[in-house]
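>>> got a predicted structure here, sequence first:
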Amino acid sequence: QVQVVESGGGLVQAGASLRLSCAASRHTGSTYVMAWFRQAPGKEREFVSAVSSSGATDYVDSVKGRFTISRDNAENPVYLQMNSLKPDDTAVYYCALTNSAILNRRAIAYDYWGQGTQVTVSS
């Protein structure tokens, strides 16, 4: 069983930056997609960003130009660099993993999930 662990959340003011990290407990194989989702109170979980083993990336429109997802290689964590944070970014951020090579924005496509890390942006 693969365990996924997130870290890096916190409380910041609007305009600040945070970097989230996501690590898998063991090697995930040659093909995979790792993604970030978020869920704000009273709202559904939404896709934020994803990166594939081939290096392809995807972002929801609301974070384009502000967030950057990256991963050096299969042995290193996935990072989500979040700049120019807004109060609307406040949510629990979840990392998810699937052994598919295709980027996917649907939560159901992901097999392994972390427990989440809280990001709070004050105005």
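Perfect, thanks for sending it.
>>> so which bits of stretch 80-92 are buried?
80, 82, 85, 89-92 (16 or more other C-beta atoms under 10 Å). Where C-beta positions appear, they are placed from N, C-alpha and C, glycine not excepted.
>>> now do stretch 105-120
Quick answer for stretch 105-120 (16+ other C-beta under 10 Å): 107, 109-110, 112-114, 116-117, 119.
>>> can you name the two of those residues that sit furthest apart?
In terms of C-beta to C-beta, the buried residues of stretch 105-120 reach their longest pairwise distance at Ala109 and Val119, which sit 22.9 Å apart.
>>> so which strand or helix has the residue minimising distance to the centre of the chain?
Among the residues of the chain, Trp36 comes closest to the average C-alpha position under C-alpha atoms, centre = their mean, at 2.2 Å. Under the criterion of DSSP states H and E, Trp36 resides in strand 33-39.
>>> contacts for that strand next, please.
20, 22, 24, 28, 45-53, 69, 71, 78, 80, 89, 91-98, 100-104, 107, 110, 116, 119 (C-beta atoms under 8 Å, 6 or more residues apart in numbering).
>>> now list the buried members of the residues you listed.
Of the contacts of strand 33-39, these count as buried by 16+ other C-beta under 10 Å: 20, 22, 24, 28, 45, 47-53, 69, 71, 78, 80, 89, 91-98, 103-104, 107, 110, 116, 119.
>>> could you give the average pLDDT over whichever strand or helix holds Arg19?
Taking DSSP H and E as the definition, one finds Arg19 inside strand 18-24. Taken as a whole, strand 18-24 has a mean pLDDT of 94.
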